[in-house]
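Colleague: sequence first, predicted coordinates after that:
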Amino acid sequence: MTLLNRDLSWLSFNLRVLQEAHDPDVPLFERLKYMAIFSSNLTEFFRVRYAEILALSLLNKKTKKSISNYEENVAEKIQEEIRNQLDLFGKILLEEIIPELKEIGIIFYYAMPIRKEHLPEIREIFLSDILSFIQPIYLDPHSDKKFIPENNQLYFVITLAEENADMLNHAIVNIPSKKVKRFFTLSRMDNYDYVIFLDDIVRENIGFLFPNQEIISVYSIKINRDSELYLADDYSGNVLQKIEKQLKKRDFNSPSRFLYEAGMPRNLQMFLASIFNITTEEIFTGGRYHNLDDLWNFPSFNKNFYYEKIKPVSSAKILNSGDIFNVLLKEDILLHLPYQSYNPVLSFFNQAAVDINVTEIYITLYRVANESHIINALISAAKNGKNVVAFIELKARFDEANNIKWSKEMKDAGVRIIYSHPNIKVHSKIALIKRKNNSKELFAILSTGNFNEVTAQFYTDHVLMTSDQQITKELMQLFKFLELTNVIDHNKKIKFEALLVSKFNMIPVLDRLIDREIEKAQNGEPALIRIKVNNLEEPYVIDQLYRASQAGVELQLLVRSICCLVPGISGESDNIKVKRIVDRFLEHSRILIFGADKNPEVYIGSADLMTRNLRHRIEVMVCIKNEACKNELLNYFEIQWNDNDKAVILLPGLVQKKEDDNGNIKNNAQQNIYNFLAAKK
């Protein structure tokens with residue numbers, strides 16, 4: 001079975017992000033944002049994946065062969081690909097974006113001389129706003145107390161020659177970008193606005209920190225550290241306390257990347273690598289400035305150079321009713337975010353908090369907003385005497401601290417908090433409300449995205465709101481299971497039909513649905529599988545899709561990021577076509593469609609087709625039974641499949657080919673979906 005390395009595939013996705021920064025049709029300040037997203041993604045790659053890649057490269061050959069999808073010399077291939085992408089990043093910034101900024105009246109001081117008229121202003125900013133956050137430290141290789149750079153913190157390494165001394169000294173100075181804004185706007189001159197890095201303000205004033213010493217050189221550096229939480233070998237005691245303890249030391253975990261400014265002498269690189277315990281495989285050449293994900297906060301001067309904001313479409317039936325539960329008793333609601341308003345989801349929880357007939361609320365929380373209206377509604381509900389149960393996933397990478405903060409506040413308010421069990425990571429996005437109104441009523445939300453009103457503004461997701469008895473009863477069954485995970489057998493079998501739940505029935509049902517399409521193809525009937533996911537990596541599922549292709553089933557796959565399946569291989573994946581869409585909104589929804597007939601089976605939910613999602617997490621997909629909702633999802637997928645503006649076709653060899661418009665009008669899926677939903681209103 002042919003599989004593509006997952007990390008190389010992910011890097012190809014990040015290249016696609018960078019290509020948006022290169023696209024002259026994208027508004028200029030949005031291109032700066034794509035530069036920031038690319039940089040942020042790459043930083044996360046080094047924090048999450050690179051240490052594991054290096055560790056795998058050191059294994060013996062026998063062990064490597066036993067690892068599914070392992071590719072020889074992959075570390076070297078990854079290093080080369082990253083270097084190529086960073087070269088392109090620099091070219092786009094220096095040769096395209098910075099000159100275009102100047103054309104619209106903005107001079108970005110980027111590795112260029114600073115006007116003498118600005119120097120007094122820069123000094124004043126340094127002395128008044130920055131100096132109090134700076135801590136110069138001498139680097140002494142013989143000291144027992146060695147300096148440990150923090151993760152993702154920016155530093156200058158300064159080489160000094162003391163007066164009447166033969167030896168050179170080295171010092172390190174933090175660039176306080178976590179305490180002070182990264183960009184400063186300077187006085188306007190000659191009809192130009194000027195923007196300068198915090199880094200350059202510090203660099204220009206280094207002499208204040210080392211009086212009476214000759215400064216030989218100043219180079220910028222940063223270190224990324226492995227951010228994975230290693231709890232697998234120690235499950236005793238309080239999991240919450242363990243993760244809090246890990247968070248405190250996370251920024252000092254093992255290095256995964258040492259990034260230095262180009263031009264730094266090799267002997268200085270080796271000196272720093274020795275002091276910071278860095279291997280040669282972890283050393284990468286960077287530019288003058290690091291952490292360019294801060295470009296997201298580049299000063300805004302003109303709204304004309306951004307995407308025009310869209311107003312989310314509101315639901316008239318919900319607004320007119322004023323009672324979301326009354327609406328759900330009559331029909332299902334399907335939301336398509338961010339094209340439609342998130343207000344119905346907020347109304348669902350807000351009304352539940354004050355409705356005297358609501359007795360119980362259940363919810364799984366993975367990533368929530370820093371100032372979450374939903375959690376505040378849960379707190380209000382608990383204070384109003386309702387039984388509120390929240391399953392908190394403490395191992396949501398980089399959101400652990402926020403989840404811990406909210407879990408404590410909810411617990412203090414009387415919400416029953418169930419923390420994630422070490423053996424079960426809950427990634428599903430589900431909620432259930434029980435109401436007593438003459439008869440017992442259950443209302444549910446099943447989403448492809450988190451209960452997060454902030455990300456709902458720029459992630460594409462689907463939210464099903466329903467009172468369907470089969471769906472709600474099965475959800476109640478699942479929540480009761482999650483309530484008891486600390487004391488019951490995790491292999492307990494629960495029967496689900498309307499829901500696909502990983503660790504229970506998801507893989508067997510996917511097998512059945514794929515086999516059904518294979519049987520159709522073998523009988524000469526139209527057979528079609530359509531899938532939209534963020535990641536496709538699970539070897540078993542890929543093998544099943546290859547098997548379907550070989551049987552004559554047509555497969556249309558929309559995969560935003562990692563895709564280990566290789567389409568277009570003769571005799572293996574001839575009938576599979578894979579596309580990737582990168583546009584102003586992050587494609588995040590998951591849709592599974594089986595059948596070419598007028599009544600295909602359609603599912604939405606939280607699960608990507610990855611080993612971790614299908615085998616090591618609780619994920620939930622729901623079968624869409626409402627015909628109107630089903631047709632909306634079929635139209636949604638078709639609009640995306642027909643995109644000839646932002647879609648690329650994935651080909652063997654990590655090639656991404658722009659979809660050919662054949663001289664036709666450009667079909668931009670995201671714009672067309674919004675237009676479709678706005679017209680439908």
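Modeller: Happy to help now that I have it. Residues are numbered from 1 along each chain as shown.

Colleague: residue contacts, R584?
Modeller: By C-beta atoms under 8 Å, 6 or more residues apart in numbering, R584 lies in contact with 30, 307, 458, 670. Every C-beta, even on glycine, is put in place using the N, C-alpha and C of the backbone.

Colleague: again with L633
Modeller: Residues in contact with L633, defined by C-beta under 8 Å, 6+ apart, are 334, 462, 591, 593, 602, 604, 624.

Colleague: hmm, back to that, now, of the contacts of R584, which are buried?
Modeller: For the contacts of R584, a burial check counting by 16 or more other C-beta atoms under 10 Å picks out 30, 670.

Colleague: closest one of the contacts of R584 to H373?
Modeller: Nearest to H373 among those is F458, at 17.2 Å by C-beta to C-beta.

Colleague: pull the most distant pair out of the contacts of L633.
Modeller: The most widely separated members of the contacts of L633, counting by C-beta to C-beta, are L334 and I593 (14.6 Å).

Colleague: more neighbours: which of these two?
Modeller: Between L334 and I593, counted using other C-beta atoms under 10 Å, the more crowded position is I593 (23 against 20).

Colleague: wait, the more buried one touches V533, no?
Modeller: No. Applying C-beta atoms under 8 Å as the test, I593 and V533 come out as separate, 11.8 Å apart.

Colleague: quick revisit: of the contacts of L633, closest to Q269?
Modeller: I591 (48.1 Å).

Colleague: phi, psi for the residue nearest to the closest one when sequence neighbours are not counted please.
Modeller: Nearest residue to I591 in three dimensions, chain neighbours excluded: K532, at 4.3 Å (C-beta to C-beta, 6 or more residues apart in numbering). Main-chain torsions, K532, degrees, to the nearest 10: phi -130, psi 120.

Colleague: report how many residues lie close to K532.
Modeller: There are 27 residues near K532, going by other C-beta under 10 Å.

Colleague: surely it and I581 touch.
Modeller: No. Look at K532 against I581 with C-beta under 8 Å: they stay out of range, at 9.3 Å.

Colleague: who touches both of those two?
Modeller: Common neighbours of K532 and I581 (criterion: C-beta under 8 Å, 6+ apart): 558, 587, 640.

Colleague: in strands, which of those residues fall?
Modeller: 558, 587 (DSSP state E).

Colleague: out of the shared contacts of K532 and I581, which is nearest to V48?
Modeller: Nearest to V48 out of those is E587 (C-beta to C-beta; 20.2 Å).

Colleague: tell me the contacts of that closest one?
Modeller: With contact set as C-beta under 8 Å, 6+ apart, E587 has these partners: 460, 532, 534, 558, 560, 581.

Colleague: how many other residues sit next to the third one?
Modeller: N534 has 22 neighbouring residues, counting by other C-beta under 10 Å.

Colleague: what's the answer for the fifth one, then?
Modeller: Residues contacting R560 under the criterion other C-beta under 10 Å number 22.

Colleague: confidence score at the residue nearest to it when sequence neighbours are not counted?
Modeller: Once flanking residues are discounted, R560 sits nearest to E587: 4.5 Å by C-beta to C-beta, 6+ apart. Per-residue confidence (pLDDT) for E587: 98.

Colleague: any idea what E587 is bridged to?
Modeller: Note on E587: beta-bridge partners by DSSP bridges are T460.

Colleague: same check, this time on M189
Modeller: M189 has these beta-bridge partners by DSSP bridges: Y192.

Colleague: and it, how far from K116?
Modeller: Distance check for M189 against K116: by C-beta to C-beta, to the nearest Å, it reads 11 Å.

Colleague: sorry, back to before: nearest to N370, of the contacts of L633?
Modeller: For the contacts of L633, the nearest to N370 is H462 (24.0 Å; C-beta to C-beta).

Colleague: average pLDDT for the helix or strand where that closest one lies, rounded please.
Modeller: Assigned by DSSP states H and E, H462 belongs to strand 459-466. Averaging pLDDT along strand 459-466 yields 97.

Colleague: and it, what does it pack against?
Modeller: helix 324-330, strand 333-337, helix 343-354, strand 439-447, strand 586-587 (3 or more C-beta pairs under 8 Å, 6 or more residues apart in numbering; DSSP states H and E).

Colleague: now intersect the contacts of R584 with the helices, please.
Modeller: Using DSSP state H, the members of these that fall in helices are 30, 670.

Colleague: from the contacts of R584, pick the one nearest Y546.
Modeller: So of the contacts of R584, ranked by how close each gets to Y546 (C-beta to C-beta), first place is Q670, at 30.5 Å.

Colleague: find the nearest non-adjacent residue to that closest one, please.
Modeller: Nearest residue to Q670, sequence neighbours excluded (C-beta to C-beta, 6+ apart): D583, at 4.9 Å.

Colleague: kindly report the same for F45.
Modeller: Using C-beta to C-beta, 6+ apart, the closest residue to F45 is W10 (7.0 Å).

Colleague: what helix or strand is the one you found located in?
Modeller: In the assignment (DSSP H and E), W10 maps to helix 6-22.

Colleague: using PDB, list the CA coordinates for that helix.
Modeller: Extracted in PDB, the C-alpha atoms of helix 6-22 (Å, rounded to 0.1, in the frame of the first residue of the first chain):
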ATOM      1  CA  ARG A   6       2.400  12.600   7.100                       C
ATOM      2  CA  ASP A   7       4.900  15.400   8.000                       C
ATOM      3  CA  LEU A   8       5.900  16.000   4.400                       C
ATOM      4  CA  SER A   9       2.200  16.100   3.500                       C
ATOM      5  CA  TRP A  10       1.600  18.700   6.300                       C
ATOM      6  CA  LEU A  11       4.500  20.800   5.100                       C
ATOM      7  CA  SER A  12       2.900  20.800   1.600                       C
ATOM      8  CA  PHE A  13      -0.200  22.200   3.200                       C
ATOM      9  CA  ASN A  14       1.800  25.000   4.900                       C
ATOM     10  CA  LEU A  15       3.300  25.700   1.500                       C
ATOM     11  CA  ARG A  16      -0.200  26.200   0.200                       C
ATOM     12  CA  VAL A  17      -0.800  28.700   2.900                       C
ATOM     13  CA  LEU A  18       2.400  30.600   1.900                       C
ATOM     14  CA  GLN A  19       1.100  30.600  -1.700                       C
ATOM     15  CA  GLU A  20      -1.800  32.700  -0.600                       C
ATOM     16  CA  ALA A  21       0.700  35.300   0.600                       C
ATOM     17  CA  HIS A  22       2.200  35.200  -2.900                       C
END
